[in-house]
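[1] here is a sequence with its predicted model. Questions after.
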There are 6 protein chains.
Amino acid sequence: MIIKVVNPNTSLEMTALVERSAKAVAAPGTEVLAVSPAMGPESIESHYDEALSVPGLLDEIRAGEESGVDGYVVACFGDPGLDAAREVARGPVVGMAEAGMRTAAYLGRGFTVVTTLSRTRGRTWELAERYGMRDLCRGVHACDIPVLELEGDALDVVTAACARAVEQDEADAVVLGCAGMTDWATPIAEAIGVPVVDGVQSAVLTVQGLVEMGLRTGKRDEFATPLPKRYTGMLRDFGY
Amino acid sequence: MIIKVVNPNTSLEMTALVERSAKAVAAPGTEVLAVSPAMGPESIESHYDEALSVPGLLDEIRAGEESGVDGYVVACFGDPGLDAAREVARGPVVGMAEAGMRTAAYLGRGFTVVTTLSRTRGRTWELAERYGMRDLCRGVHACDIPVLELEGDALDVVTAACARAVEQDEADAVVLGCAGMTDWATPIAEAIGVPVVDGVQSAVLTVQGLVEMGLRTGKRDEFATPLPKRYTGMLRDFGY
Amino acid sequence: MIIKVVNPNTSLEMTALVERSAKAVAAPGTEVLAVSPAMGPESIESHYDEALSVPGLLDEIRAGEESGVDGYVVACFGDPGLDAAREVARGPVVGMAEAGMRTAAYLGRGFTVVTTLSRTRGRTWELAERYGMRDLCRGVHACDIPVLELEGDALDVVTAACARAVEQDEADAVVLGCAGMTDWATPIAEAIGVPVVDGVQSAVLTVQGLVEMGLRTGKRDEFATPLPKRYTGMLRDFGY
Amino acid sequence: MIIKVVNPNTSLEMTALVERSAKAVAAPGTEVLAVSPAMGPESIESHYDEALSVPGLLDEIRAGEESGVDGYVVACFGDPGLDAAREVARGPVVGMAEAGMRTAAYLGRGFTVVTTLSRTRGRTWELAERYGMRDLCRGVHACDIPVLELEGDALDVVTAACARAVEQDEADAVVLGCAGMTDWATPIAEAIGVPVVDGVQSAVLTVQGLVEMGLRTGKRDEFATPLPKRYTGMLRDFGY
Amino acid sequence: MIIKVVNPNTSLEMTALVERSAKAVAAPGTEVLAVSPAMGPESIESHYDEALSVPGLLDEIRAGEESGVDGYVVACFGDPGLDAAREVARGPVVGMAEAGMRTAAYLGRGFTVVTTLSRTRGRTWELAERYGMRDLCRGVHACDIPVLELEGDALDVVTAACARAVEQDEADAVVLGCAGMTDWATPIAEAIGVPVVDGVQSAVLTVQGLVEMGLRTGKRDEFATPLPKRYTGMLRDFGY
Amino acid sequence: MIIKVVNPNTSLEMTALVERSAKAVAAPGTEVLAVSPAMGPESIESHYDEALSVPGLLDEIRAGEESGVDGYVVACFGDPGLDAAREVARGPVVGMAEAGMRTAAYLGRGFTVVTTLSRTRGRTWELAERYGMRDLCRGVHACDIPVLELEGDALDVVTAACARAVEQDEADAVVLGCAGMTDWATPIAEAIGVPVVDGVQSAVLTVQGLVEMGLRTGKRDEFATPLPKRYTGMLRDFGY
């Protein structure tokens, strides 16, 4: 089984981090392929960044379709391009926010999200609504650290933010709201004594499970393959 | 006052139609500028098309910012890139689905939407939820005519679909779910005796009103200008 | 085009204020007619006041129908009698809470409302629910100033309340919750750096837009003209 | 204990019917006083009728306060003036829609409402939302019989409508949506084998229970006594 | 009329307290029978306790069916086994949380709940959702006193918790969240000046009213008598 | 890793079926232990059956805790005793309805459920609400086959019900609503061309993933170990 994990930003260091995290939980027979698109922003911290990351992400999904990939993970907490990717891919596609929140939902009556910049919280609430997590998600908190600075001392800041969020929201679990935090779930959980969910690993295991059960996106209507048409003036040929 | 109406697909005939419709309701002192992006799909009928239309749309918003535009309309019923456009623009940005639904909300207790292809209905429901229209929107119906074939006899098909939708959903009003139907609101309303809302005109008048009142997107957090960063491998320079 | 703005209380000074505010945004060809009913309370600060303002309001709508009015604004933030007015009027009728909230919805992900007395907040939440604004409305705050004392220093108190409400609710915009605040949107917005929406102007522009597009209340069922029947013991003849 | 049941329309025959029905369930020590206001519509079948019935209703509540009434029932399925009445009365006030729906909620997972004219259904949904019954209320159905013609053969029509509604909505119970149907709950229940709830009796027993427990409307904010102010040009003196 | 009140825990002192409280409001002709099951936990303070109380509760309902009971009250604020009891009983069955919350809903726009241990709050929110009280219930607060220690000074602690909850939630009424608080509604209401609802009395009066109106659980589908089948290895014979 | 799958009814044939299905997807290193409790109903088709299955289920969870089980699956679509089991177990506990619905949520915008008897549908809706699946779950359909008769020709009946449900609800996927259908997902999916989700396999893979990531139920409040107390008159000792 091949799972392609697309980090939709172009920071290869983050892609390497995501790959290590994904491989740490994948089953022996599962091959994990982590990539960044050839085009797009170096980090995703706004609706603008998200929108501009999607063509590159879709390019990677299309490439994956040609090379026999069984399922995909979108490894950015805004889940950019998820619905479009589902139209393109034959196999399942899972976003890390989607998987992170649904995984946390198994751990109690409510969870809280700790993310990077304050301005991204609106998107998280929008996704929570879309995924049926509006009531289960008790709060979305920013630690005000940019995506590309999630290293070193930042762990302490994020740990403290998680502890505060749990108290404030009376949450049973925490969801980490950025792929750049993917290796911090265990140290934070140990520090605060509450389960902490990483969306990257959650998404990898979810895709692996879906493929194992032979499940893929329903294609009878909304998520059918895009219709063939002309795409003008774009760097790549996106037409069907 | 200059209002820029962006038809996010690349079909210039549709842009011309949208322009006529927008100008028909704009106040004397309002200049309407209708454009298509230089890149993108010829029509938008999937999440994939929508995603690929957004970079071109954002390019037009950025160009508008340099040329003194006061407000923007996104003239596609999927409201693609709306949140990103709000980050980029200083003035207000209004989507045609958003404006169409909210306008219909003034006309009774519930409305129904008649759109093109069945596969686009999921997106409409998602927008309805986002705009607080989940309960006011009673149904979303497809007439199974592709966006670029909305002409000639198609009017009869759409009129019949509207009549059926009103009966089935016991709706007080109809919202037309495609910019390509922008000149059909009046003939359909006359045929079925129920108010019919066109989102293009609704959005133009909404932006005009917002500018008149000096209102623009709140910029204190989520919709602040995108942060400066590197965008790699893209046809245009999207960096700030 | 004639738009009749009904201030449902009997304080003529407030009606004059509302008229100035309405005329400031109406298009050149739009005639604005602002009135108070001949009967009713001097201010509206309870469900009781609201209920007692409605017969006078409906009387004004009926009079408007006889004199060729194209559309109506209900200029009290409780939107009293709105549904009944829609049954009576041929053209569109828009409430200032309805228009204020929907206008604010175009300016970000969430707004906050600042109103007069604490006891009126329940009605605002009820209206938010009715208009699909339950999630977009982040909070309703009182400044504890009675309607008829909204002048002079009260502006400072309301400005401070708006600033606090924005911080507390992390709101992108403010809606002013009383017609008596109609000329304060601009000074408050300038003071706090956040868009501030006045419902009176929003409603006038909304009605103007609806009339411009030829849209009026759907009359096929709930909002059809009231049935002819006997009304007993009332000061005026309300029968059809 | 004195319970005053206000039929807000001016049809005395219906008031007599309501009185018989209320007395049939009241406890031995409970005195039931059924009245019609001196002013208002002969029946309530629109928002307009409802609005015009409220001043007369409030007049009756005020009179009740002077004569030692312990609690009130609003005996019209639109629950007109309920919030205003709660401000005026010291004791509890219960609407028949409110009581009918909440009573039905004890009888299973969902109920259906059968009412008179189609145009009144919107109001019922609005009340269901307000009372937290949006999910428990599965449907609202009209039998298209005007309020004042609910007699004789109409029982068969309503019975048939109830049977259809139960099947269509897979409901565990029926709520009758008009005070004029107050004596039909038992014959319809016997005919269709499903519990049928009459709101008049439900409201009387609810008020009786509230008074028995010493419970009354919370008066700390929204439902405090109306503020003293001037009411102009009205048939009666409504000022405090 | 015979109403059987089942206290689902095995603490007979609490059953005696519940009985006194129930009898204090029952009508003269109503016989109240309060019991504890022969098996189960001594108090209910977790999902585990609740689950283990249900077989004993159902045993008491079955016994009641054989001895002509007209209706039942489940006198534990978790409303354990309520749906199962409705399948077993011919007459109505009402839970004290259900009745307490719905009763409080008549007293204003929102209520707050004060309960025993923090860990039980999740269940209360789940019930609020089930009963359509999600919006009317403004908060659920623990006083951190175990069920069996609700006596003596505990009244002061609970009173203070009620006062704080009312302020914090801006509530019109309080619901006491434990059968062990059944005789505290009046002293707390007097102390804090806000109506305080006891679910035991509310449930008794609700069942009495349902029986008075001839209403019982709808039996056409979900709540029909359980199907006959084999139950293995249980202390009692639960088969039909 | 040891996963204990508890079929809460006492039909050993179904337990064997569930075990085969669970083992078919478990990873090589995962040991699956499928059991039936020593006490309880032979099948679960009512709230009554569910309630009576829970003590036996909890007994199995307690036994599992003593023998080093890492995680648990509740293999009945009513997810009986799930919250209580989470209090008792150190590791994660997942219900098959919960896992089935959340898994289906990854496959499109909405799913439909096909279950056994009509009377069980209310419970499914209740669970959908609890799990945040109220909007994603488009419908719940019965095939009117009792749990213990799900064999032979029943597959054709269920397949036809699935096909109808997909059309009627315009669903992207189907969830099978009974553990007794656990081996039918693949043949039905092949017959109707739509993804079909089995909750047993979904739950096994979910628990396996949770254990792999080191995640378990949050124990800081609601789901802490039950408090020690006396349980009277029960077949087993349930005290802590």
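    Arrived safely. Numbers count the residues shown, from 1 in each chain, chains lettered A, B, ... in the order given.
[2] now A:Val88, nearest residue through space, not along the chain?
    A:Ile61 (4.7 Å; Cβ to Cβ, 6 or more residues apart in numbering or on different chains). (C-beta placed from N, C-alpha, C; glycine too.)
[3] packing partners for the top helix by length along chain A?
    With secondary structure taken from DSSP state H, chain A has its longest helix at helix A:47-66. In this structure, helix A:47-66 packs against strand A:2-6, strand A:40-41, strand A:71-74, helix A:82-88, helix B:47-66, helix B:82-88, with contacts taken as 3 or more Cβ pairs under 8 Å, 6 or more residues apart in numbering or on different chains; DSSP states H and E.
[4] quick one: buried residues of the longest one?
    Think helix B:47-66. For helix B:47-66, a neighbour-count test (16 or more other Cβ atoms under 10 Å in any protein chain shown) marks B:47-62, B:64-65 as buried.
[5] what mean pLDDT does it have?
    Averaged across helix B:47-66, pLDDT comes to 96.
[6] ok so, going back, JSON lines for the helices and strands packed on helix A:47-66, including distance to F:Arg236?
    Compiled in JSON lines, those are given as follows (distance: least, Cβ to Cβ, whole Å):
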{"stretch": "strand A:2-6", "distance to F:Arg236": "45"}
{"stretch": "strand A:40-41", "distance to F:Arg236": "60"}
{"stretch": "strand A:71-74", "distance to F:Arg236": "44"}
{"stretch": "helix A:82-88", "distance to F:Arg236": "48"}
{"stretch": "helix B:47-66", "distance to F:Arg236": "54"}
{"stretch": "helix B:82-88", "distance to F:Arg236": "57"}
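[7] right, and those - which one's nearest E:Met39?
    When the helices and strands packed on helix A:47-66 are compared by Cβ to Cβ, strand A:71-74 sits nearest E:Met39, at 49.9 Å.
[8] now for the closest one, which elements pack on it?
    strand A:2-6, helix A:47-66, helix A:82-88, strand A:93-95, helix A:96-105, helix A:199-212.
[9] closest one to B:Met133 among the ones you listed?
    helix A:82-88 (19.4 Å).
[10] in chain A, which residue is most central in space?
    Per Cα atoms, centre = their mean, the C-alpha nearest to the average position across chain A is that of A:Met96, at 2.4 Å.
[11] how close does it get to chain C?
    22 Å (Cβ to the nearest Cβ, to the nearest Å).
[12] please name the nearest non-neighbouring residue to that residue.
    A:Gly199 (3.3 Å).
[13] my read: the one you found touches A:Ala99, true?
    Yes: using Cβ atoms under 8 Å, A:Gly199 is in contact with A:Ala99, at 5.5 Å.
[14] more neighbours, the two?
    A:Gly199 (34 against 29; other Cβ atoms under 10 Å in any protein chain shown).
[15] spell out the secondary structure type for A:Val32.
    strand (DSSP: H, G, I helix; E, B strand; the rest coil).
[16] A:Ala38 too?
    coil.
[17] contacts only, for the residue lying closest to it once chain neighbours are set aside.
    When the adjacent residues along the chain are set aside, A:Ala38 lies closest to B:Gly233, with 4.9 Å between them (Cβ to Cβ, 6+ apart). For B:Gly233, the contact set (Cβ atoms under 8 Å, 6 or more residues apart in numbering or on different chains) comprises A:10, A:37-40, A:56, A:235.
[18] state the pLDDT value of B:Gly233.
    85.
[19] how far away is it from chain D?
    For B:Gly233 relative to chain D (Cβ to the nearest Cβ), the value is 50 Å.
[20] cool, A:Gly68 as well?
    Taking Cβ to the nearest Cβ, one finds A:Gly68 at 46 Å from chain D.
[21] show me what contacts A:Leu150?
    A:116, A:158, A:178, A:180-181.
[22] which residue does chain A bring closest to chain D?
    A:Asp135 (13.6 Å; Cβ to the nearest Cβ).
[23] list phi and psi for that residue.
    phi -90, psi -30 (degrees, to the nearest 10).
[24] so the residue nearest to A:Val88 makes contact with A:Tyr72?
    Yes: using Cβ under 8 Å, A:Ile61 is in contact with A:Tyr72, at 6.1 Å.
[25] can you list residues touching both of the two?
    The contact lists of A:Ile61 and A:Tyr72 share A:4, A:6, A:85, A:89, A:93, where a contact means Cβ under 8 Å, 6+ apart.
[26] of those, select the buried ones using a ChimeraX command.
    Burial among the shared contacts of A:Ile61 and A:Tyr72 is assessed by 16+ other Cβ under 10 Å; the matching ChimeraX selection reads:
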select /A:4,6,85,89,93
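[27] which SSE is the residue in chain A positioned nearest to chain C in?
    Taking Cβ to the nearest Cβ, chain C has its nearest neighbour within chain A at A:Gly122, 4.5 Å off. Under the criterion of DSSP states H and E, A:Gly122 resides in helix A:121-130.
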